[in-house]
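Visitor: need a 3D model of the sequence below.
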Amino acid sequence: MKVKETNLSGCFVIDPTVFEDDRGCFFESFNKKVFLQETGLNLDFVQNNISVSKKGVVRGLHMQKGAHAQAKLVEVIKGVALDVVVDVRTDSETFGESFACIISEENKRQIFIPKGFLHGFTSLEEDTILSYKCDAYYNKNAEIGVRYDDEDLGIDWKMNPEEIELSEKDKGLGSFSDLKKILFHK
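Guide: Residues are numbered from 1 along each chain as shown. Prediction:
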């Protein structure tokens, strides 16, 4: 397993060691001991979520705040996705900065997202399946988010805006400026 920290402190890209032969392949998608050794993080994942999305679906940008904040380990089981994270830790030197990475069934790459990050993705192929482990349970009352196309964030979602499909919830998300007011209580 190769673990590399991104430009955002505490956010890691993980490339598992894959063993392939004429029958297919085998790899560990998670090993707590190795994860601790490589990242210094001792996490207990308590919930695993699966998302199936058509091509062009954007989900995000979401997070849980306060005591319900979640760290996540995200991977694609089938298809291809652009995974996006934004650092919104109020004490971080990289507050407001983002990181994006293609994750796919082919590259088997994972993204570890620490607490205090917005997360979203776009499905770049039909029926893309994402799996993500969370270290805290979902709490609807703690969920906050930012529109995927917020100008202050300037994220390239690798899709034409006309091809993007959003949920009603995601269409109603606020701006990054609105989120800053919530986070900094102003």
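Visitor: starting at the chain centroid, how far to stretch 102-118?
Guide: 6 Å (C-alpha atoms, centre = their mean, to the nearest Å).
Visitor: what comes up buried for it?
Guide: Judged by neighbour count using 16 or more other C-beta atoms under 10 Å, the buried positions of stretch 102-118 are 103-104, 108-118. In short, each C-beta sits where N, CA and C put it, glycine included.
Visitor: for Asn31, state which of these is nearest.
Guide: Gln110 (11.8 Å; C-beta to C-beta).
Visitor: the strands in the chain, which residues?
Guide: 2-5, 12-15, 19-21, 24-26, 47-53, 58-64, 72-78, 80-87, 98-104, 110-113, 117-123, 128-134, 143-145 (DSSP state E).
Visitor: now render the ones you listed as TSV, adding mean pLDDT and distance to Glu151.
Guide: Compiled in TSV, these are given as follows (pLDDT from 0 to 100; distance: least, C-beta to C-beta, whole Å):
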stretch	mean pLDDT	distance to Glu151
strand 2-5	92	28
strand 12-15	94	27
strand 19-21	89	43
strand 24-26	87	42
strand 47-53	96	24
strand 58-64	96	13
strand 72-78	97	25
strand 80-87	98	13
strand 98-104	97	13
strand 110-113	97	23
strand 117-123	97	15
strand 128-134	97	26
strand 143-145	94	16
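Visitor: can I get those in CSV with distance to Gln37?
Guide: CSV is the format used below for the strands of the chain (distance: least, C-beta to C-beta, whole Å):
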stretch, distance to Gln37
strand 2-5, 9
strand 12-15, 12
strand 19-21, 20
strand 24-26, 21
strand 47-53, 22
strand 58-64, 27
strand 72-78, 15
strand 80-87, 23
strand 98-104, 22
strand 110-113, 14
strand 117-123, 23
strand 128-134, 18
strand 143-145, 32
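Visitor: tell me which of these sits nearest to Leu183.
Guide: Taking C-beta to C-beta as the measure, the strands of the chain were each checked against Leu183, and strand 143-145 came out nearest at 8.7 Å.
Visitor: the closest one: partners in the sheet, and parallel or antiparallel?
Guide: For strand 143-145, the pairing partners within the sheet under DSSP bridges are strand 58-64 (antiparallel).
Visitor: which parts of the strand it pairs with are buried?
Guide: Buried residues in strand 58-64, defined by neighbour count with 16+ other C-beta under 10 Å: Val58, Arg59, Gly60, Leu61, His62, Met63, Gln64.
Visitor: in stretch 15-25, what's buried?
Guide: Of the residues in stretch 15-25, those scored as buried under the neighbour-count criterion (16+ other C-beta under 10 Å) are Pro16.
Visitor: swap that for stretch 146-161, sorry
Guide: Val146, Arg147, Tyr148, Asp149, Asp150, Leu153, Ile155, Trp157, Met159.
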